[in-house]
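> Next one to model:
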Amino acid sequence: MVTFVPSRPGRLADVPSFARGIGGAESNVACGLARAGHRARWISRVGTDGFGEHLVREIAATGVDTAYVQRDPHRPTGIYFRTAGERAVGSEAADGSEAADGSGPAGGNGAAESSEPPEPLAEVVYYRAGSAAAAMSPALIPRERAWSGRVLHLTGITPALSTDCRTLMRELTARAPGRPLVSFDLNYRVSLWQRGDDAEQGPAVLLGLARGSDLVFVGEDEAEAVWGTRGPAAIRAALPEPELLVVKQGGAGATAYARRPDGTDAVTFEPAPHVDVVAPVGAGDAFAAGFLSGTLRGLPVAERLRHGHLMAAAALTVPGDLGTPLSRERADQLVALDATRWGTLRFGPGWTDLPTPAEKWAETAAVEVSD
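Here you go, the predicted model:
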């Protein structure tokens, strides 16, 4: 999906111009994983228009395999516009959460906020109805292609696009021989579930898909919005099936529930570093990419959470969807800090570009970084 970011703060009615960029939850995660040194493939559909050409070219430039992206000559590429002051529910929690009225990106990223006054909720306008991606179906996206990797990452945005997309999601999450680890990010978008019966069906559809997945990411605020479920423990009670559940808790951090062989859970909480936020859009996807990177590397759950926080911080300190992640070596150095030093970290714009050794790096990253 192509995203348009305004040239200055203000209402969409008042902004004179927009900068074009790339967006979309699944492609954001694929780009994050590719930049972290993993092989990633994006499977989707775009129009044969210039926006589709731009989107595929830019995503491929990050190292993502786009060979399975289909071009539709009859349907356009999806686009969306957003305001510069995109904010979380009620006020800035630096968690990338969906606003109650459907504005803002869904799902907390787990990076702590700076102490700034709250700003108005954002305007986000989607133009996705009838798009090429909305036509995805089991007939167009064969399961053997989607199941060809070690991990299949899906989000709750896709089933909101159309009935065919919903059918495809059920097909991809069905438990059958050959299924890879299925990762699912709730990514609840109120505005995408407001058509016809979708508003009533949405919570049940999303719950079924989450329960059918192996690894689930859900923001604490969006779980309350879609299911009326409050708190990590209650969310786990509502989603007992996934082997691993990650509850993103905004500025506080994130809690992971990992199923032990005896059926009980190992519960791990990791606080988020402090971040001077430029824009929260894309941070939830970055968190998922960081966590999935750690999963692919076989890291302990606590380290996966920290890698998620670091990737989220990179996204939070740029105006677009995609931040520049740290090198794996530098990220590992920060992840290895003890709890006290981890708690002193604070990131601002440009922090991922600082070329310092391990100890000096940790000290420098703990203070505000300006352009």
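
> Can you verify L305 is assigned to a strand?
No - in this structure, L305 is helix, not part of a strand, as judged by DSSP: H, G, I helix; E, B strand; the rest coil.

> Just give the number of residues close to it.
28 (other CB atoms under 10 Å). Yep, even glycine has a C-beta here, placed from its N, CA and C like the rest.

> Now for it: which residues touch it?
110, 246, 253-254, 256, 268, 270, 291, 294 (CB atoms under 8 Å, 6 or more residues apart in numbering).

> If you drop the residues flanking it in sequence, what lies closest to it?
E270 (3.8 Å; CB to CB, 6 or more residues apart in numbering).

> do L299 as well
With CB to CB, 6+ apart as the criterion, L299 has its nearest non-adjacent residue at 7.3 Å, and that residue is H307.

> quick one: the one you found and R330, what's the gap?
H307 sits at a distance of 11 Å from R330 (criterion: CB to CB, to the nearest Å).

> pretty sure the residue nearest to L305 contacts G253?
Yes - using CB atoms under 8 Å, E270 is in contact with G253, at 5.3 Å.

> Let me know the pLDDT of the residue lying farthest from the centre of the chain.
Residue farthest from the centre of the chain, counting by CA atoms, centre = their mean, is D262 at 30.9 Å. Confidence at D262, expressed as pLDDT, is 94.

> Quick check on the residue nearest to Q70 when sequence neighbours are not counted: phi, psi?
The shortest distance from Q70 to any non-neighbouring residue, by CB to CB, 6+ apart, is to R45 (4.5 Å). Backbone torsions of R45, given as degrees, to the nearest 10, read phi -140, psi 140.

> List the contacts of R45.
69-72, 75, 132-133, 135-136, 140.

> export the residues you listed to TSV and tack on neighbour count?
Shown next, in TSV, are the contacts of R45 (neighbours: other CB atoms under 10 Å):
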residue	neighbour count
V69	21
Q70	15
R71	15
D72	20
R75	19
A132	25
A133	26
A135	17
M136	23
L140	13
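
> Sort out which of those residues are in strands and list them.
Judged by DSSP state E, the contacts of R45 include 70-72 as members of strands.

> Can you report how many residues lie near G37?
So G37, with other CB under 10 Å, has 13 neighbours.

> With R41 instead?
When counting by other CB under 10 Å, one arrives at 18 neighbours for R41.

> Tell me what the residue lying closest to E26 once chain neighbours are set aside is bridged to.
Leaving aside its sequence neighbours, E26 sits nearest to T155 (CB to CB, 6+ apart; 5.9 Å). Beta-bridge partners for T155, by DSSP bridges, are D185.

> helices and strands around the helix or strand containing L168, which ones?
Assigned by DSSP states H and E, L168 belongs to helix 163-173. If you count contacts as 3 or more CB pairs under 8 Å, 6 or more residues apart in numbering; DSSP states H and E, helix 163-173 packs onto helix 143-146, strand 151-155, strand 181-185, helix 198-211.

> Now the third one - C-alpha only, PDB.
By that I understand strand 181-185. Provided in PDB are the C-alpha atoms of strand 181-185 (Å, rounded to 0.1, in the frame of the first residue of the first chain):
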ATOM      1  CA  LEU A 181       4.900 -21.300  12.200                       C
ATOM      2  CA  VAL A 182       2.000 -18.900  11.700                       C
ATOM      3  CA  SER A 183       2.500 -15.400  13.200                       C
ATOM      4  CA  PHE A 184      -0.600 -13.100  13.500                       C
ATOM      5  CA  ASP A 185      -0.700  -9.500  14.500                       C
END
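
> spatially speaking, which residue is in the middle of this protein?
Using CA atoms, centre = their mean, the most central residue of the chain is D285, at 1.7 Å.

> Could you look up the SS state of that one?
Quick answer, by three-state DSSP: D285 is helix.

> so how many other residues sit close to C31?
Counted with other CB under 10 Å, C31 comes out at 28.

> how about A132, what does it touch?
Contacts of A132 by CB under 8 Å, 6+ apart are 45-47, 52, 70-72, 75-78.

> can you do 6 Å?
45-47, 72, 75 (CB atoms under 6 Å, 6 or more residues apart in numbering).

> From G63, how far out is it?
For A132, the distance to G63 - CB to CB - is 23 Å.

> re earlier: ok, H307 and R330, which is more surrounded?
H307 (29 against 20).

> Now that the more buried one has come up, it's in contact with A288, right?
No - contact criterion CB atoms under 6 Å: H307 and A288 do not qualify, at 10.7 Å.

> Could you point out which residue ranges in the stretch 201-350 of the chain have low pLDDT?
320 (pLDDT under 70).

> give me that answer again for 80
278-281, 319-323 (pLDDT under 80).
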